[in-house]
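Chemist: can't give you the sequence, but here's the structure:
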């Protein structure tokens, strides 16, 4: 591994080599007796804890989507499959450009949060547990109050600055290697000289 400069780290360049899943987060704002939904493409979804079930998102601090989320304290997440790239691209734009797309989404309000649940391979409904301002972003931690889907289609990934798709799994999946007890594995390992 080469040494890095403490003055100007190229975090964006390094993170381009880290594949992430792609999701759409949805939330809403209630104003003047009307509900206005919003949706945005993200690749910052992270599982934080299983007990209690917590996930996080990181959003730019000036994001109006973030403002709505912090006001309602509710959101939903749709985990996208490889076929959803056009949707991901259309919701990766500015709020005004997303508005028309949001109005025509194949979605329904979630029973636990009211945030839109998209027709996706998997989804979560979340209630705000905490938030932290970190650098130029705010990390929101949400308690998962409902889940949906999980049909195991190949996911949509983000890598090297673009969307990527995994090939579909074949029916002839190789069996995982048999488990070997740790002591037997160590005994069989070559000795260093």
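Modeler: Yep, it's here. The model shown is predicted, which means the values in this text are computed figures rather than measured ones.

Chemist: Going by C-alpha atoms from here, please, whenever you check contacts or count neighbours.
Modeler: Will do.

Chemist: what about this protein, any weak spots by pLDDT?
Modeler: Of all residues in the chain, those with pLDDT under 70 make up the ranges 1-8, 169-193.

Chemist: That one: helices as residue ranges?
Modeler: 11-15, 64-72, 85-90, 95-103, 182-188 (DSSP state H).

Chemist: now those as CSV including mean neighbour count and distance to residue 140?
Modeler: CSV is the format used below for the helices of the chain (neighbours: other Cα atoms under 10 Å; distance: least, Cα to Cα, whole Å):
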stretch, mean neighbour count, distance to residue 140
helix 11-15, 10, 21
helix 64-72, 18, 8
helix 85-90, 16, 21
helix 95-103, 14, 19
helix 182-188, 10, 39
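
Chemist: Same list as before, those that is, but in a markdown table and with distance to residue 147 included.
Modeler: Putting these into a markdown table (distance: least, Cα to Cα, whole Å) gives the following:
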| stretch | distance to residue 147 |
| --- | --- |
| helix 11-15 | 29 |
| helix 64-72 | 19 |
| helix 85-90 | 20 |
| helix 95-103 | 21 |
| helix 182-188 | 36 |
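
Chemist: for those helices, which one sits closest to residue 110?
Modeler: Comparing these by their distance to residue 110 (Cα to Cα), the top pick is helix 64-72, with 13.7 Å.

Chemist: How far does that closest one sit from its chain's centre?
Modeler: Distance of helix 64-72 from the chain centroid (Cα atoms, centre = their mean, to the nearest Å) equals 17 Å.

Chemist: what's the angle between that helix and helix 95-103?
Modeler: Our comparison of helix 64-72 with helix 95-103, counting by axes from the mean of the first three to the mean of the last three Cα atoms, to 10 degrees, yields an angle of 60 degrees.

Chemist: Show me what helix 64-72 is in contact with.
Modeler: Counting by Cα atoms under 8 Å, 6 or more residues apart in numbering, helix 64-72 makes contact with 27-29, 38-40, 59-60, 75, 95, 128, all of which sit outside it.
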